[in-house]
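Asks: sequence and predicted model, in that order:
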Amino acid sequence: MNPDSLAAAPHIHRRRQPFPFGESQSTKDGMLRILVIEDDPEAASYLVKGLSEFGHTADHAADGQTGLQMALDSSYDILIVDRMLPKMDGLSIIKELRRDGNHTPVLILSALGQVDDRVKGLKAGGDDYLPKPFAFTELQARVEALARRPQSASQVETTYTVGDLTLDRMAHSCRRGDTEIPLQPREFRLLEYLMQHAGQVVTRTMLLENVWEYHFDPQTNVIDVHISRLRGKIDKGFDTPLLHTIRGAGYTIRDAAH
Amino acid sequence: MTRLTRFTRTTAFKLSLLYIAVFTVMSGILLVYVAENTDHLMSEQVVQAVDSELKGLSDVYVRGGVRDLVQAIDRRSRHPDASLYLLTDFSGNALVGNIARLPTIVLEEADGGLRRVRYTQLGQESEDIERQAMVRTFELRGGFRLLVGRDLGDQLRFSTLLGNALRLWLVVVVVMAAITWLFVSRRVMKRIDDISATSRMIMNGDLSERLTIAGNDDEFDRLAVNLNTMLDRIELLMQSMKDVTDNIAHDLKTPLTRLQTRIEIALREAKGEAGYRGALEATLDETDHLLRIFNALLRIARIESMAPGSSIKPTDLNKLVAEVAELYEPLVEDEGGKLEVDIPADLKAECNRDLVSQVMVNLIENALKYGRPEEGGILIRLSGKEDDDRVILSVTDNGPGIPEKDMDRVMDRFVRLEESRSEPGTGLGLSLVKAVARLHGGDLRFKNGSPGLCARIDLAPVVPANSGSGNAEGGSTGRSEKPVGE
């Protein structure tokens, strides 16, 4: 995986080809080199351990300067950077990296909370932002989404295909087999995002952020209703379901044949 | 002593001293100027008088010689006024005049120059008293010398008078300034001492204490009002922090205990991997709930600590509400209800899209939870309008409403009216709505409709960027004016 990918706008995650879904550790391709820059030893070991369990290689830096040095010295697929660090804060690390021409995707972790902090983080060159405390499934889903971003704009596909489901982004149309499926604009956007991340787990929060552009979590299952409506359109009446619910995590769209 | 030191260190003291000094110097300069000018004017008058006497006498002398001059001087010197005359012969003996003694040098140097001399007057009871005069002396033919002058008594008396007045004036100025300073600084000291005393009480922990306001709207009153407002806010924050702590203790205890029980039961009774997995998944749900509570608390705290008006920009409310409605419509329909939107097409407000969207979401979720009518489907109406220079957003349901007595309580953190405690949720939804409304300079209000409950928040309307002060009313009527966004 080339770390020098072009940083695209944070909410336009795109991918090159459908990625086979499965427990990540089972696929060699899914293995990521991740650097965790986090000063709290407990949180760091939790992250490193968790990521290793999912088949990734995770290194750890306990302060900002070491972290920046490590990020510059070796190539990582993803950086997970805490905002408040000793010696050099997270945003400065990102700015320094970007100035150096290093475009490794960065996921910012922050206990600082929300609202305007995330804007600052993304402005500094971060690619995604996750406020603490978070569920590990949320972090994992976001890390994998970031890792599979296209390397450049030319690699953005105009058509997504999962099994016999095809989404034409140019013509704004969707087909399953020979059947044309009419979609509302928001349903189209939802399916588009899911298919961009085909084979990966997409959390409810990621959907809210990227499809609806809301940065808060409603207390009800409002996303589930949209998913079940979408499912009613793309899966109902077909033999193999494509849109799956992953308990405790989110959703994924994948072709069972893979 | 310490009191005096403290007194002399006050700003009032230093200012008063400065004022006294400046005022004294200014008065001094004014008086000296007046005195100098008066003196100059009077000297000129003396010189003029002497010169006109001289002219008269020289006419007499030219026409009638020394004999006539003697007669004229004799006549004139009998008049009791300030004019002085003396005519001497070549040996210096006085022939005629009203001067008894004067320095001989004045007569010897008879060059016509103006001189100030001491002399004694002739033929008066005050013959021994030395007086001052301005004189001119001329030499006439035959060794005669003529002296004409004018007594300076009046002028000197006036100068003395002026001098005394100046000294008296200075004394009065200093005394008055001192009295004013005493009065002012005592007053200032008292106010400041009051403030200090109150702040000490507050520092000692009594947050309910407030500064006294004298009611004369001076700078101290304004300061006191501001400090009191600050104290109100601090007290409110302290109180809400205390409430939160209490409520956290109360509300987090339940899920935490449940979590503990579940783990204990799983350890004791679960059979095989499936049993443990089930227990762990249930545990995960519980921790998810806990995390949600914490996140909501953090978010509210964050919003409450934001400066009013920060991260706010002109926003199209019609679009904002339509998007929220679109997100919730399927959910409401699935629950057998209906979601209606009623917002003017060009309604805009200064707000934060994300926060106000969350407000609408929370209010809709609230309506879904508590606003169901006894029978029939729930009807949720999202509406917006401009009213009295504020933009109002409201969410109305057709449910049972809430009892009047609970109107204020529902907005407190963690408060969920007893009958609804079993519903899922953090109990923080309305607290967040209120915090967001406050951030936008507004508030959250409830009204029992017929039927149902109407929750409304108010936001600031968008003021066109090029508007002056006169556009205040234009904002409410001129809806068609497109505000200039960023």
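Replies: Structure's in. What do you need? Numbering: from 1, shown residues only, chains lettered A, B, ... in the order given.

Asks: what is the end-to-end distance of stretch B:76-93?
Replies: Stretch B:76-93 has an end-to-end distance of 19 Å (criterion: C-alpha to C-alpha, to the nearest Å).

Asks: OK, contacts around B:Ala345?
Replies: B:Asn318 (C-beta atoms under 8 Å, 6 or more residues apart in numbering or on different chains). To be clear about C-beta, it is placed using only N, CA and C from the backbone, and glycine gets the same treatment.

Asks: against B:Val321, how distant is it?
Replies: 11 Å (C-beta to C-beta, to the nearest Å).

Asks: now do A:Leu139
Replies: Per C-beta to C-beta, A:Leu139 is found 33 Å from B:Val321.

Asks: ok, the two, which is more surrounded?
Replies: Just comparing A:Leu139 and B:Val321: by other C-beta atoms under 10 Å in any protein chain shown the higher neighbour count belongs to B:Val321, 22 against 19.

Asks: shaky segments in the stretch 251-400 of chain B?
Replies: Along the stretch 251-400 of chain B, the parts satisfying pLDDT under 70 run over B:251, B:308-309.

Asks: give me every residue in it lying close to chain A.
Replies: For the stretch 251-400 of chain B, the residues in contact with chain A (C-beta under 8 Å from any C-beta of the partner chain) are B:281, B:284-285, B:288, B:291-292, B:294-295, B:298-299, B:301-303, B:306, B:310-311, B:323, B:326-328, B:330-331, B:334, B:352, B:354-355, B:357-358, B:361-362, B:365, B:368.

Asks: if we go to 7 Å?
Replies: Those residues of the stretch 251-400 of chain B that sit near chain A, judged by C-beta under 7 Å from any C-beta of the partner chain, are B:281, B:284, B:288, B:291-292, B:294, B:298-299, B:302-303, B:311, B:326-328, B:330-331, B:334, B:354-355, B:357-358, B:361, B:365, B:368.

Asks: these in helices, which ones?
Replies: Among these, the ones falling in helices (DSSP state H) are B:281, B:284, B:288, B:291-292, B:294, B:298-299, B:302-303, B:326-328, B:330-331, B:334, B:354-355, B:357-358, B:361, B:365, B:368.

Asks: filter those to the buried ones?
Replies: With burial judged by 16 or more other C-beta atoms under 10 Å in any protein chain shown, the buried subset of these is B:291-292, B:298-299, B:302-303, B:326-328, B:330-331, B:354-355, B:357-358, B:361, B:365, B:368.

Asks: wouldn't B:Arg150 be in contact with B:Ala49 here?
Replies: Yes - judged on C-beta atoms under 7 Å, B:Arg150 makes contact with B:Ala49 at a distance of 5.2 Å.

Asks: the two: who's more crowded?
Replies: More crowded of B:Arg150 and B:Ala49, by other C-beta under 10 Å: B:Arg150, with 22 against 17.

Asks: read off the pLDDT value for A:Ala43.
Replies: A:Ala43 is assigned a pLDDT of 86 by the prediction.

Asks: just confirm yes or no for the one helix or strand it maps to near chain B.
Replies: Using DSSP states H and E, the element containing A:Ala43 is helix A:41-53. No - judged by C-beta under 7 Å from any C-beta, helix A:41-53 and chain B are separated, with a smallest distance of 13.6 Å.

Asks: got the buried residues for that helix?
Replies: By neighbour count on 16+ other C-beta under 10 Å, the buried set for helix A:41-53 is A:43-44, A:47-48, A:50-51.

Asks: check what pLDDT residue 25 gets.
Replies: Picked chain A for this. Listed pLDDT for A:Gln25 reads 35.

Asks: nope, chain B
Replies: 86.

Asks: next one: it from chain A, what distance?
Replies: The gap separating B:Val25 from chain A is 57 Å, by C-beta to the nearest C-beta, to the nearest Å.

Asks: check the offset of the helix or strand where that residue lies from the chain's centre.
Replies: Using DSSP H and E, B:Val25 maps to helix B:11-78. Centroid displacement of helix B:11-78 relative to its chain, using C-alpha atoms, centre = their mean, to the nearest Å, is 53 Å.

Asks: now do stretch A:95-108
Replies: 17 Å.

Asks: could you do stretch B:166-180 as well?
Replies: Mean-position distance between stretch B:166-180 and its chain equals 31 Å (C-alpha atoms, centre = their mean).

Asks: what residues sit buried inside it?
Replies: Buried, per 16+ other C-beta under 10 Å, within stretch B:166-180: B:166, B:173, B:177.

Asks: closest to B:Arg438 among those?
Replies: Checking the buried residues of stretch B:166-180 against B:Arg438 with C-beta to C-beta, the nearest one is B:Ala177 at 50.3 Å.

Asks: separation between B:Ile29 and B:Glu36?
Replies: Noted for B:Ile29: a distance of 11 Å to B:Glu36, by C-beta to C-beta.

Asks: what residue in the stretch 351-486 of chain B comes nearest to chain A?
Replies: Chain A sits closest to B:Gln358 of the stretch 351-486 of chain B, with a gap of 4.5 Å, by C-beta to the nearest C-beta.
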